[in-house]
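Asker: sequence and predicted structure are below.
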Amino acid sequence: MKKVLLLLTILVFSAINIYAQDVVNWSFKLVDKGNSEVELTAVAKINPGWHLYDITIPDGGPNPTTLTIDEAKGATKVGGFKVVNSKLHKGFDDIFQMEIGYYETQATFVQRFKVTDKATFSLKGDIRAQACNDTECTPPLPTDFSFSAKDLPATVVAASGSAAEAIVDEAAVEQVPTDSVTQSASTFSSDTDLWAPVIKEVEAFGAAGSTTNQTYWFIFISGFLYGFVALLTPCVWPMIPMTVSFFLKRNKKNRAKAIKDAVTYGLGIIIIYVSLGLIITAIFGASALNDMATSAVFNLIFFALLVVFAISFLGAFEMVLPSSWTNKMDSKADSTTGVISIFFMAFTLALVSFSCTGPLIGTLLVEAAGTGSITAPAIGMFGFALALSIPFTLFAIFPSLLESMPKSGGWLNSVKVVLGFLELALALKFLSVADLAYGWGILDREVFLVLWIAIFVLLGAYLLGKLKFSHDSDLKYVSVPRLFMAIISFAFAIYLIPGLWGAPLKAISAFSPPLTTQDFNLYKGEVHAKYDDYEAGMEYARKNNKPVMIDFSGYGCVNCRKMEASVWTDIRVKQILDNDYVLITLMVDDKKKLPEVIEVTEGNGKTAKLKTIGDKWSYLQRHKFGTNSQPYYVLLDHEGKPIGPSYAYDEDVNKYLNFLNIGLTNFKKLQEVK
């Protein structure tokens, strides 16, 4: 058992750290360059066989080495970020089909600053660089640096008097290049440009579709189904007749009281599990649960957890709580009376059944956290507990039904194994979210589909008895339910195969990576956004006199993928989006760094720092449209003014067509007036 746990620990940490290898070691220092200037020097020592990309890479190439300054107090930047005393190699890259510059062994990067105040000097930021060898690349993860006044060379003299003022004035009027993805904070607060708020104007047009209620219902139904499945596991199923019989024997002369106790027992189960959901929310909070949806760290942890759960269900080991916990709860149930005694009995059930329900609860909470809703964990746990409690109450009211219950046996273990395969398939969804958000490219759509095909083929083979685990009982014959489940599993695997050539596979669009990640794609029915940058797309629309549809989306947005697969692929919708609108898709969870950190003022008066491209588009949605849920579609004219209602998640194609046509009609009217 210890060896198994050690192996699992190694696998978990390997999954999390595989893309954070120290193939490049960075060192930072400040060097006095005279004339009140210091030079931030970053030296990269590169492992043999690896190379680091240059600071300037053509569009469509790999990630260049970039510098981000998060804080610069008592100093201003002088000149640009550059490389010194390093040999630049250039070569034609067959993958990217372009000439790319790179460094081997060692490279030195520098950025100068003019010191205006030594006492308050503070410099913080990071360098992002991508290193590759002949077979793999590391993601451009940040390497942070931080310097304070005590880190300045003693020989540095701060600029004084008019010189310092001139530097500050020059920095204040410095303009950001128009082709940069970074916009100044003042751009966001201006009322005369594309970022001006239009919240009231959008509300005047109205809105169609809503994700909130559907998300809550989805989580509740998921929780209920998980609870139902938990009933069919070896840890819970045998407990039903034992517990109900206990209540009936405990109150032989008063059947009404026995039913009352069973109902109380069911309510105790609900209270315990809902409380667990509320505790999860209280620990993590709203912002953390939202971050979980796309955070690489959380999604990799979720991926690792689900893999561990799958291995547990497949029989490698059991996840069991300490027996002392169960014994204490059991003794409390015996030593107390009334409602408290029944409550402790319910708590004992939760602990005894943990080896089966734990992975299911963990998976449910992972899904609930992924929605970004702070109430979702409690709603999911309510559904789970409701399904778990119903049989105990139902059999107490109608005890004769106990005789018709299927007896425990090998079929219960088969349920666990089937769940193990399903957990393994679900785990890949969370790995995919992290992969998409950070652009690693390790789990493209075809790789994802190949793994799912293999999993469901093996599941079908198991159901037919062709695959057997050590703890499985002998399968003398294949029952009708197993046969039908095997047929479904094989049929699903066959259904996935055309997806390897680009078939949209609408049934799994919420789980699989988007079609844009597929290398070999024969399908031409999907819709691709013309732009993924707001300003660039609006400029194109202005020059070509077309209306704009902004699609606020996310790599981890399940409902976004559903809309793209079920609504956008409709030939009528596709023609309008391709021909009549300029489609701009903005990913609010894009983790690529902005060249410069942007400081903005939120609606509540607090300041916020936008560090990634996703931060920028998320702020645009909050600031301009007053909402922060995805998917969110809004129709605009060239000046960033709404020309129709907003639209959220609703897979009704006719409603979506009406939404698009309203915008086109209003845009034509505006053109006639002009």
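Answerer: Sure thing, it's come through.
Asker: A helix includes Ile57, no?
Answerer: No. Counting by DSSP: H, G, I helix; E, B strand; the rest coil, Ile57 is located in no helix; its state is coil.
Asker: what residues are up against it?
Answerer: Going by C-beta atoms under 8 Å, 6 or more residues apart in numbering, Ile57 touches Asn63, Pro64, Ile100, Gly101. For every residue, glycine as well, the C-beta is placed using N, CA and C.
Asker: show me which of those are buried.
Answerer: Restricting the contacts of Ile57 to buried positions leaves Asn63, Pro64, Ile100, Gly101, with burial counted as 16 or more other C-beta atoms under 10 Å.
Asker: Leu123 versus the second one, what's the distance?
Answerer: Distance, Pro64 to Leu123, using C-beta to C-beta, to the nearest Å: 22 Å.
Asker: could the buried ones among the contacts of Ile57 go into JSON lines alongside secondary structure and pLDDT?
Answerer: JSON lines is the format used below for those (DSSP: H, G, I helix; E, B strand; the rest coil; pLDDT from 0 to 100):
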{"residue": "Asn63", "secondary structure": "coil", "pLDDT": "77"}
{"residue": "Pro64", "secondary structure": "coil", "pLDDT": "86"}
{"residue": "Ile100", "secondary structure": "strand", "pLDDT": "84"}
{"residue": "Gly101", "secondary structure": "strand", "pLDDT": "88"}
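Asker: tell me the one of those nearest Ser618?
Answerer: Asn63 (21.6 Å; C-beta to C-beta).
Asker: so that closest one makes contact with Asp54?
Answerer: No. Between Asn63 and Asp54 no contact is recorded; they are 10.8 Å apart, counting by C-beta atoms under 8 Å.
Asker: and for stretch 464-473, what are the contacting residues?
Answerer: 314-315, 409-410, 413-414, 417, 458, 461-462, 475, 478, 482-483, 486.
Asker: narrow the residues you listed to those in strands?
Answerer: Secondary structure assignment (DSSP state E) places none of these within strands.
Asker: could you flag which of those residues are buried?
Answerer: Buried members of these, counted by 16+ other C-beta under 10 Å: Leu314, Asn413, Ser414, Val417, Leu458, Tyr462, Leu475, Arg482, Ala486.
Asker: the residue nearest to Asn299 when sequence neighbours are not counted - how many residues pack around it?
Answerer: Here the nearest residue to Asn299 in space, its sequence neighbours aside, is Ala434; by C-beta to C-beta, 6 or more residues apart in numbering that works out to 3.9 Å. Counted with other C-beta atoms under 10 Å, the burial measure for Ala434 works out to 27 neighbours.
Asker: just to check, Ala434 is in contact with Ala304?
Answerer: No. Using C-beta under 8 Å, Ala434 makes no contact with Ala304, being 11.1 Å away.
Asker: returning to that earlier point: show me which of the contacts of stretch 464-473 is closest to Asp650.
Answerer: Within those, distances to Asp650 taken as C-beta to C-beta reach their minimum at Ala486, with 36.1 Å.
Asker: so the closest one makes contact with Val457?
Answerer: No. Between Ala486 and Val457 there is no contact under C-beta under 8 Å: 10.4 Å.
Asker: list the buried residues for the helix or strand encompassing Asn661?
Answerer: Using DSSP states H and E, the secondary-structure element containing Asn661 is helix 653-673. In terms of neighbour count (16+ other C-beta under 10 Å), helix 653-673 has its buried residues at Tyr656, Phe659, Leu660, Ile662, Gly663, Leu664, Asn666, Phe667.
Asker: hmm, which two among the contacts of Ile57 are most spread apart?
Answerer: Spanning the widest gap among the contacts of Ile57 are Asn63 and Gly101, at 13.0 Å by C-beta to C-beta.
Asker: give the residues shared as contacts by those two.
Answerer: Listed as contacting both Asn63 and Gly101 by C-beta under 8 Å, 6+ apart are Tyr53, Ile57.
Asker: so which one among the contacts of stretch 464-473 has the lowest pLDDT?
Answerer: Taken together, the contacts of stretch 464-473 show their lowest pLDDT at Gly409, with 57.
Asker: before we move on, the earlier item: what is the nearest of the buried ones among the contacts of stretch 464-473 to Leu505?
Answerer: For the buried ones among the contacts of stretch 464-473, the closest approach to Leu505 (C-beta to C-beta) belongs to Leu458, at 19.6 Å.
Asker: you'd agree the closest one is up against Phe421?
Answerer: Yes. If you go by C-beta under 8 Å, Leu458 and Phe421 touch, sitting 6.8 Å apart.
Asker: could you report the pLDDT at Leu636?
Answerer: 93.
Asker: low-scoring stretches of the stretch 451-600 of the chain, by residue?
Answerer: When the per-residue scores of the stretch 451-600 of the chain are filtered using pLDDT under 70, the ranges that remain are 510, 523-525, 556, 558.
Asker: rerun that using 90 as the cut-off
Answerer: 465-466, 468-479, 481-482, 499-530, 535-536, 539, 542, 553-567, 569-570, 587-600 (pLDDT under 90).
Asker: so where do the helices sit in it?
Answerer: Taking DSSP state H, counting those that start in this stretch as the criterion, the stretch 451-600 of the chain carries its helices at 480-496, 534-544, 558-566, 571-579.
Asker: can you lay out these as CSV showing distance to Lys29?
Answerer: Supplementary listing: the helices of the stretch 451-600 of the chain in CSV, determined by distance: least, C-beta to C-beta, whole Å:
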stretch, distance to Lys29
helix 480-496, 54
helix 534-544, 37
helix 558-566, 45
helix 571-579, 52
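Asker: looking at those, which is buried most?
Answerer: Each of the helices of the stretch 451-600 of the chain was scored by mean neighbour count; the highest is helix 558-566, a mean of 22, by mean count of other C-beta atoms under 10 Å.
Asker: how about Ile100: what's its closest non-neighbour residue?
Answerer: Nearest residue to Ile100 in three dimensions, chain neighbours excluded: Asp93, at 4.9 Å (C-beta to C-beta, 6+ apart).
Asker: same thing with Ser389?
Answerer: Excluding the flanking residues, the one nearest Ser389 by C-beta to C-beta, 6+ apart is Gly266, at 3.3 Å.
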